[in-house]
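Novice: Take a look and give me a structure for this.
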Amino acid sequence: MLRNTVIPSGKLSTEVEFKARPSEPIRKSPSPEGTIGKEILPPEYAQEQHDTWAELYRRQANILEGRVCSEYLAGRELLKYPSGRVPELSYLSEHLRQATGWRIIRVEGYVPEKIFFRLLANKCFPCTDFIRHPSELEYTPAPDMFHDLMGHLPLITNSRFASFFHAYGLAGAAAKTDEEVAWLGRIYWFTVEFGLMNKNAHNPSFRNPDETTIYGAGIVSSVGEIIHSLSSVVKKEPFNVDAISQRVFDIHHMQDTLFEIASFDELESEFRRWASDKTLLV
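Specialist: Below is the predicted model:
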């Protein structure tokens, strides 16, 4: 479990209970957990870790085109990821800062909701610097750096998504009850992690299922999820933030129902409306 408070211009002192199975680098990062942006020093990775990154990158690149939203692809291009070696958090953080003013903060595992909300409210996205074990290329029980960097970061380069994400963090930081935190957790799951997009999501007469694309990080960072999410096995419903905030989900299997936004304009405006109605945003 991660505890403590964030100092936007400084460091986050933390304690972590970590449950994933990492592929350990030769030497861990000398930067304390909570180091932000260009001050983050990288671990020394073994060739095994670089090979794992290269294989994950290759698998994802082969399947993205035509399946993920154009905003994700633009962000992926802007961040200029290396394809054959593990990237440095400081390098990606600087590209992110130049795009939307966000920065990366180094963490070593799960971040509890309240701290996570504060980080987003301060335009900091928490990223790990370990990569999954080679035996877990298709699935890892906790997010690794491939999920963080290739799943989440590309969209944070998009100004409209970044604005939504900032509003989400502000709303979360204002949450006072467990029920409010649960609402926000469900919204996060069905948008940031498992969101789909279709320009005619709310217009069934004109909706073409072949135009549905992915923006959720939990899907984008898993080849299996990419194929599954766009298949006819998964029911697609038009985005409804009020309904989503009440929707129970099971994290232990692939989702059987997902929600489509028409655009990031809708995602931000509808979230702001909902959060204002709940007095979580002013």
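
Novice: C-alpha only now, for contacts and for neighbours.
Specialist: Noted.

Novice: Looking at the protein, which residue reaches furthest from the middle?
Specialist: Relative to the centre of the chain, and counting by Cα atoms, centre = their mean, the farthest-placed residue is Ser205 at 31.7 Å.

Novice: And the pLDDT for it?
Specialist: Note on Ser205: pLDDT of 97.

Novice: His253: how many residues sit nearby?
Specialist: Around His253 there are 7 other residues, counting by other Cα atoms under 10 Å.

Novice: can you tell me which residues contact it?
Specialist: Residues near His253 by Cα atoms under 8 Å, 6 or more residues apart in numbering: none.

Novice: what about it, which helix or strand?
Specialist: For His253, there is no host helix or strand (DSSP states H and E).

Novice: And it, its phi and psi?
Specialist: Main-chain dihedrals, His253, degrees, to the nearest 10: phi -150, psi 160.

Novice: One more: Tyr168?
Specialist: Note on Tyr168: backbone dihedrals following degrees, to the nearest 10 are phi -60, psi -40.

Novice: go on, Val107?
Specialist: phi -130, psi 170.

Novice: separation between it and His202?
Specialist: 38 Å (Cα to Cα, to the nearest Å).

Novice: Quick check on these two: which one has the bigger neighbour count.
Specialist: For the pair Val107 and His202, the greater number of neighbours falls to Val107 (24 against 16), based on other Cα under 10 Å.

Novice: same for the lengthiest helix in the chain, what does it pack against?
Specialist: Secondary structure of the chain per DSSP state H: the longest helix is helix 47-64. The elements that helix 47-64 packs onto, with contact taken as 3 or more Cα pairs under 8 Å, 6 or more residues apart in numbering; DSSP states H and E, are strand 131-132, helix 223-230.

Novice: deepest of the ones you listed, which one?
Specialist: strand 131-132 (a mean of 26; mean count of other Cα atoms under 10 Å).

Novice: partners of it in the sheet?
Specialist: Its sheet considered, strand 131-132 pairs with strand 22-23 (antiparallel) by DSSP bridges.

Novice: Quick check: mean pLDDT of the partner strand?
Specialist: Average pLDDT, strand 22-23: 62.

Novice: Could you tell me the phi and psi values at Asn208?
Specialist: Taking degrees, to the nearest 10 as the convention, Asn208 sits at phi -110, psi 120.

Novice: again with the one 10 residues further on
Specialist: The main-chain torsion angles of Gly218 are listed as degrees, to the nearest 10 and equal phi -70, psi -30.
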